[in-house]
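Enquirer: no FASTA, just this:
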């Protein structure tokens, strides 16, 4: 950063490169999980990486609250968790022994009822 505390073009380029690396492959993981489990009422999938915590965040949204409970009971939640780790491995984000993921399961029903249907508000 320049002495006037105004970011330079080089500063912006470094920040963009760091952001691209942080998000590398995550949209592919989200798309793959949604394709694979969309028929099981998975409605949305969001993936994030926190470099400060060295952990991925996986937010899996079913259509209805009841489907979250049913997925836990049937073992579908475990299948989804395993698939997320497999996909992170596939896109080169580590291996099963080093990948850390915080999972959150929620529903579109909840987003509609409590966040005005806005996933951005829910994910904040």
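Expert: Okay, I see it. Here the structure is a predicted model, which means the values were calculated and not measured.
Enquirer: only C-alpha atoms for contact and neighbour calcs from this point on.
Expert: OK.
Enquirer: ranges for the helices of this structure?
Expert: Along the chain, counting by DSSP state H, helices occupy 9-23, 26-37, 65-74, 76-90, 108-114, 119-123.
Enquirer: now those helices in TSV, with mean neighbour count?
Expert: Formatted as TSV, the helices of the chain follow (neighbours: other CA atoms under 10 Å):
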stretch	mean neighbour count
helix 9-23	12
helix 26-37	18
helix 65-74	14
helix 76-90	17
helix 108-114	16
helix 119-123	12
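Enquirer: quick one, what contacts the residue most central in space within the chain?
Expert: Centre of the chain computed as the mean C-alpha position; nearest residue by CA atoms, centre = their mean is residue 47, 1.4 Å away. When contacts are counted by CA atoms under 8 Å, 6 or more residues apart in numbering, residue 47 touches 26-27, 29-30, 56-59.
Enquirer: cutoff 6 Å now
Expert: Contacts for residue 47 were tallied using CA atoms under 6 Å, 6 or more residues apart in numbering; they are 26, 57-58.
Enquirer: which of the helices of the chain sits closest to residue 52?
Expert: Among those, the nearest to residue 52 by CA to CA is helix 9-23 (11.0 Å).
Enquirer: for the closest one, give the mean pLDDT please.
Expert: The average of the pLDDT scores along helix 9-23 is 79.
Enquirer: again with stretch 92-111
Expert: In this model, stretch 92-111 carries a mean pLDDT of 95.
Enquirer: just how off-centre is that stretch within its chain?
Expert: Distance, stretch centre to chain centre, for stretch 92-111: 6 Å (CA atoms, centre = their mean, to the nearest Å).
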